[in-house]
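In: here is my input, please return the structure:
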Amino acid sequence: MRQTIRGALVAGLVSLAACSAAMAYDAAEDRLEGTASVIDGDTIEIHGERIRLSGIDTPERGKRCGTVNVYQKAALALSDMIGARTVSCVILETDRYDRKVGRCEAGGKSLESQLVRAGWGRDWPRYSNGDFAGDERAARSAKAGVWGLNCPDDLWGTRNYD
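Out: You can find the predicted model right below:
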């Protein structure tokens, strides 16, 4: 009887460890990695967890620059940057919408930096400490993404990006 209980306990622990490894979430390091689905230009989902990319902002739903749906363009750009690669995120906090907020990379490249440099996002110094300011300057200079389109003054809403 004791052998059976011990065997069941060991099997349960092995099963739990396998399940934890499959999710690839290490609470001690606050990391989450795996196959990502794009929710919008600055939000992905890994293993059912929503992750808001930290320090940047992308156009909101319904935003257009002329005939270009820049909300969709940002999401598609993020999807292309991820491709079939595993995404790895360092989770920094949980926001008021119960999403994890983190810095993410695919193929060893920062998703936040790539989005801003491609012109589909912008640096948000309040949250980035200016980490992506150089990427935004380069995108504006190159007229990449939204910076090369005829966008309305309210593209970014009433948010303060100082």
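In: how close does the nearest residue to I46 once chain neighbours are set aside get to A144?
Out: Spatially, and ignoring its direct neighbours in sequence, I46 is nearest to G34 (4.6 Å; Cβ to Cβ, 6 or more residues apart in numbering). In short, each C-beta sits where N, CA and C put it, glycine included. Distance of G34 to A144, given as Cβ to Cβ, to the nearest Å: 29 Å.
In: and the pLDDT at the residue nearest the centre of the chain?
Out: Against the mean C-alpha coordinate of the chain, by Cα atoms, centre = their mean, the closest residue is L53 at 3.5 Å. On the pLDDT scale, L53 is placed at 98.
In: now do the contacts for the closest residue in space to it that isn't next to it in sequence.
Out: Nearest residue to L53 in three dimensions, chain neighbours excluded: D42, at 4.6 Å (Cβ to Cβ, 6+ apart). Applying Cβ atoms under 8 Å, 6 or more residues apart in numbering, we find D42 in contact with 52-53, 56-58, 74, 78, 115, 121.
In: these two touch, right, the residue nearest to the centre of the chain and L111?
Out: Yes - counting by Cβ atoms under 8 Å, L53 does reach L111; the two are 6.0 Å apart.
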